[in-house]
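Engineer: Make a model of this:
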Amino acid sequence: MKYALIFIFGITLNFMSCTKDNSIQEVENESCLNPVLPGEYFPAYPNSWWKYSNEENETIVYETANKYQLCDNECRPRFLNLDKCIHENAIVHEFYSGLGASSTILSPIYTPFLDSIAVCPVSFSTFETQDAFLHQEDVRFRRQTTVLDTNLYVDGTIYNDVLVVYETNKFDSTHRYYDYFSKNIGLIRRDSVDQSDTTNLIELLKLEDYHLGL
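Structural biologist: Residues are numbered from 1 along each chain as shown. So this is what the prediction gives:
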């Protein structure tokens, strides 16, 4: 089977040499006349949150800033768990690109195309980031959409229009995960994959409650 490889260097936003404090600034939502809206499978609008329980039955919260952020001269939502802005279906990520230069690039959270493979410097499954690379083969993470428009039961609740993303680490085969996203809700479950038995899925997160700041 042939897979579509989405290489993020093709969607570099701009080169810059500023610090994070200068590149992300809070702005009043009313002043953002044309904000960049988040994607429908991770609708990370300002003032949104998702509460999960993990395998130890602890509560894990994903959340966004209360207001849009001025991020590389565009109003975008900011995902607080990574302290990075969201651009549609991707994370806005600053990295060192050599010769003393920094660049800003998009690291996809998911792609809406079946079997498409995204090359990502940010792991959405573990929140690890890669802050320096020069070539495609240096980028650590891959995220592949393996299922579209399915249904999934999570703790007694059925979710429709579910998209499944499989994440791997090119340099560490033990880092393998499945992220399940429901349309207009967001991440609803995360499993890790047993290295010795890929059919053995270990549930890491399951959605308990959420609020979208639409």
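
Engineer: Go ahead and confirm residue 190 touches residue 205.
Structural biologist: Yes - with contact defined as Cβ atoms under 8 Å, residue 190 counts as touching residue 205 (4.2 Å). Using the backbone N, CA and C atoms, a C-beta is placed for each residue, glycine as well.

Engineer: remind me which residues of this protein are low pLDDT?
Structural biologist: 1-30, 98 (pLDDT under 70).

Engineer: Going by residue numbers, what spans are helices in it?
Structural biologist: Using DSSP state H, the helices of the chain run over 20-23.

Engineer: Could you find the residue nearest the spatial middle of it?
Structural biologist: In the chain, the centroid-proximal residue (Cα atoms, centre = their mean) is residue 109; its distance is 3.1 Å.

Engineer: mind checking how far that one is from residue 38?
Structural biologist: Using Cβ to Cβ, to the nearest Å, residue 109 is found at 9 Å from residue 38.

Engineer: For residue 59, see how far away residue 181 is.
Structural biologist: 20 Å.

Engineer: Settle it for me: which of these two has more neighbours?
Structural biologist: Between residue 181 and residue 59, counted using other Cβ atoms under 10 Å, residue 181 has the larger neighbour count: 27 against 10.

Engineer: From residue 67, how far out is that one?
Structural biologist: Relative to residue 67, and taking Cβ to Cβ, residue 181 is found at 24 Å.

Engineer: And for residue 192?
Structural biologist: The separation that residue 192 has from residue 67, given Cβ to Cβ, amounts to 34 Å.

Engineer: now do the same end-to-end measure for stretch 181-201.
Structural biologist: End-to-end distance for stretch 181-201: 16 Å, by Cα to Cα, to the nearest Å.

Engineer: repeat for stretch 60-74
Structural biologist: First-to-last residue span, stretch 60-74, Cα to Cα: 29 Å.

Engineer: Can you give the distance of it from its chain's centre?
Structural biologist: Its chain's C-alpha centre and that of stretch 60-74 lie 13 Å apart, by Cα atoms, centre = their mean, to the nearest Å.
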